[in-house]
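Undergrad: sequence and predicted structure below; questions after.
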Amino acid sequence: MSIEVHDLAKRFGDFEALRGVSLQMKHGELVALLGPSGSGKTTLLRIIAGLEFPDRGCVRFEGKDATERSARDRRVGFVFQHYALFRHMSVFENVAFGLRVKPRARRPREPELRERVLELLRLVQLEGLAGRLPSELSGGQRQRVALARALAVEPRVLLLDEPFGALDSRVRKELRRWLRQLHDELGLTSVFVTHDQEEALELADRVVVMNRGRIEQVGTPEEIYHEPANAFVYEFLGDVNVFHARVEGEQARVYVRPHLLEVELRGSDDADGELRARVERIHAAGPSVKLELVTDAGDRVQAELTQERHRALGLAKGTLVFVKPRQKRVFVNDFSI
Amino acid sequence: MLRAALMLIAFGYLGLLLGLPLVTVFTEAFSQGLGVFVAAIREPDARAAIGLTLGVAVICVPLNAAFGVAAAWAIAKFEFRGKSALITLIDLPFAVSPVISGLIFVLLFGLQGWLGPWLREHDLKVIFAVPGIVLATLFITFPFVARELIPLMQEQGNEEEEAAASLGARGWQTFWRITLPNIRFGLLFGIVLLNARAMGEFGAVSVVSGHIRGRTNTLPLHIEILYNEYQTAAAFAVASLLALLAIVTLAAKSALEWKLARSRGRA
């Protein structure tokens, strides 16, 4: 189902959570709302779910206005950040809840209900744990119960609030892949909130970068990563070095990703844009080598090299090097935090 | 050494102030034999007092349990103007002397009170009658359930209710299937305390009851009358009933506290 929000605004007391957000999501898309805390991404998700109502603007499902409809009438599956499982109910009853509260005419009979719940538990690979209480499950298992419970009512839209936030990194990566598969199999429209750029770029068809109640950029992961609309997006999507410079007479900031810095032992003939620096620290454990450098002016610079390059240069703490950006981005005066 | 001394003080103090009186109540109650004990309880005025006390509890406990749940729900799960005023008002009966609470009702509903003339015209009696006793008891006991539930419900937050709503549950379904089961031990705990107070209240009830034997005497008032008439054994016999209630209350309270701690630990 397609979702459209138009000019949404919402304030909580003095805090402006959303200031005019418009967005369209196509049927079958997996969309990530990415941003730092306080950027309004969770508020946007909760408004789509009907758990929060906007002060201004509207929400449309399949082109039809749904702004005033309550959460109960929207047929939206919502997975909460801390899962919000019903603590006094077994896993089975948690998943069955959405079916049991249906109006009598549409409520499935007990055998059908059992079958449906067990099928969902099989889908989330928890068929052996139907009798357990939520407190007896691990974080990853709770997450999957929450998902099965949301899917039980056959939602047209699946909304997930920081779905992997509370899990350790291995479980997180596993669940991420599994969620992507599930989304494709069920043909849902899904929206998830995250503050982890890696998660958003890896999982989503489209990424919405939010900051301070506004949308900074919408695009595919490739577009967002390679063509950031502004300095905020560029900074938010990965480690970055910031240099101050004058460009055509105006104050500007130059942004360079650590892996796009060339590190040499000797200065080149063309000294333009080249900086002299000393190696402060070397992190060599990992697929690449991360360097912390201090320039003559005292600025800290991060660089990233391949293991081979690192060996070839033979760097040690205190080595004098010359760095020069292979690729840089200049944003003039559009950046504020 | 210090530990032993502290424990001696704590238990000694409690023994002196609680244990000894409790033992006295039961020994005095049976001091003239089982016959006097049974007679004191089966005597018509005593039976009327027991009946009235139970009746008042039967009215007050459900009403204040319902009020407590509603107030705690509103305070814990919604934001509204006047919320802190409501919390303060709920504590009022704890802050005001019970005698004053009783007097307020006399001033309101008594013959010379604000509503006195209107009540007399319609031939209604509140003060020195059962309705007055019920009102005073309701007033004294309304904080118990709310006080117990507010922190519990605040701690549990709103997410499970929101999850229920997003799964299609209506307001009442959410209340019966999610909210109520989550607060059940806290609620029972509050009800146990509420009931103990409703049956044991003396001050406020004493002011509004009029002490009419067989009609408006509750158990505590009946005990006072017996005691003032030097029927010591009978007074203690009836008092032992209330003491028994206290012991049952304490036992239920600690059992529920244990359950509550466990269900909180699970969350």
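TA: Structure's in. What do you need?

Undergrad: now whichever residue of the stretch 151-300 of chain A sits closest to chain B. Its backbone dihedrals?
TA: In the stretch 151-300 of chain A, the residue that lies nearest chain B is A:Val153 (5.8 Å; Cβ to the nearest Cβ). In short, each C-beta sits where N, CA and C put it, glycine included. Torsion angles at A:Val153 (phi, psi; degrees, to the nearest 10) stand at phi -90, psi 10.

Undergrad: can you report how many residues lie near it?
TA: Neighbour count for A:Val153, taken as other Cβ atoms under 10 Å in any protein chain shown: 18.

Undergrad: contact partners for A:Pro54?
TA: Contact partners of A:Pro54, counting by Cβ atoms under 8 Å, 6 or more residues apart in numbering or on different chains, are A:Leu8, A:Ala9, A:Lys10, A:Leu18, A:Ile47, A:Thr67.

Undergrad: most surrounded residue in those?
TA: Of the contacts of A:Pro54, with other Cβ under 10 Å as the count, A:Leu18 tops at 27 neighbours.

Undergrad: which residues touch it?
TA: Contacts of A:Leu18 (Cβ under 8 Å, 6+ apart): A:Leu8, A:Ala9, A:Lys10, A:Gly40, A:Thr43, A:Leu44, A:Ile47, A:Pro54, A:Gly213.

Undergrad: the helix or strand harbouring the third one pairs with which strands?
TA: In other words, A:Lys10. Taking DSSP states H and E as the criterion, A:Lys10 maps to strand A:3-12. Strand A:3-12 has these partner strands in its sheet, going by DSSP bridges: strand A:15-25 (antiparallel), strand A:56-61 (antiparallel).

Undergrad: how far does the first one sit from its chain's centre?
TA: I take that to be strand A:15-25. Averaging C-alpha coordinates over strand A:15-25 and over its chain gives two centres that are 17 Å apart (Cα atoms, centre = their mean, to the nearest Å).

Undergrad: now swap in the shortest one and tell me
TA: Using Cα atoms, centre = their mean, the mean C-alpha position of strand A:56-61 is found 23 Å from that of the whole chain.

Undergrad: how about stretch B:102-112?
TA: 22 Å.

Undergrad: ends of stretch A:295-312, what's the gap?
TA: Start-to-end span of stretch A:295-312 (Cα to Cα, to the nearest Å) is 22 Å.

Undergrad: contacts for it?
TA: Counting by Cβ under 8 Å, 6+ apart, A:239, A:241, A:243, A:257-259, A:261, A:263, A:275-277, A:280, A:282, A:284, A:287-294, A:313, A:323 sit against stretch A:295-312.

Undergrad: on that earlier part again, ok, which of the strands paired with strand A:3-12 comes nearest B:Ala57?
TA: Closest to B:Ala57 of those is strand A:15-25 (Cβ to Cβ; 47.8 Å).

Undergrad: about what we covered before: pull out the buried residues from the contacts of stretch A:295-312.
TA: A:241, A:243, A:257-259, A:261, A:263, A:275, A:277, A:282, A:289-293, A:313, A:323 (16 or more other Cβ atoms under 10 Å in any protein chain shown).

Undergrad: among those residues, which lie within strands?
TA: Using DSSP state E, A:241, A:243, A:261, A:263, A:275, A:277, A:282, A:289-293, A:323 are the members of the buried ones among the contacts of stretch A:295-312 that sit in strands.

Undergrad: single out the residue in the stretch 1-150 of chain B that lies closest to chain A.
TA: For the stretch 1-150 of chain B, Cβ to the nearest Cβ, closest residue to chain A: B:Glu79, 9.5 Å.

Undergrad: where does that residue sit: helix, strand or coil?
TA: coil (DSSP: H, G, I helix; E, B strand; the rest coil).

Undergrad: run through the residues of the stretch 201-337 of chain A sitting next to chain B.
TA: Near chain B, no residue belonging to the stretch 201-337 of chain A is found when assessed by Cβ under 8 Å from any Cβ of the partner chain.

Undergrad: can you pull out the strands in the stretch 201-337 of chain A?
TA: Assigned by DSSP state E, counting those that start in this stretch, the strands in the stretch 201-337 of chain A fall at A:206-211, A:214-219, A:241-247, A:250-256, A:261-264, A:275-283, A:288-295, A:300-306, A:320-325, A:329-331.

Undergrad: same list, those strands, but as TSV with mean pLDDT please.
TA: Listed next are the strands of the stretch 201-337 of chain A as TSV, based on pLDDT from 0 to 100:
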stretch	mean pLDDT
strand A:206-211	96
strand A:214-219	95
strand A:241-247	78
strand A:250-256	82
strand A:261-264	88
strand A:275-283	90
strand A:288-295	91
strand A:300-306	91
strand A:320-325	89
strand A:329-331	80
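
Undergrad: please identify the most buried of those strands.
TA: Greatest average neighbour count among these goes to strand A:206-211 (a mean of 24), per mean count of other Cβ atoms under 10 Å in any protein chain shown.

Undergrad: mind listing what that strand pairs with, with the direction of each?
TA: If you go by DSSP bridges, strand A:206-211 pairs up with strand A:30-34 (parallel), strand A:214-219 (antiparallel).

Undergrad: got a list of contacts for that strand?
TA: Contacts for strand A:206-211 (Cβ under 8 Å, 6+ apart): A:21, A:23, A:25, A:29-36, A:39-41, A:44, A:200-201, A:215-221, A:224, A:232-233, A:236-237.
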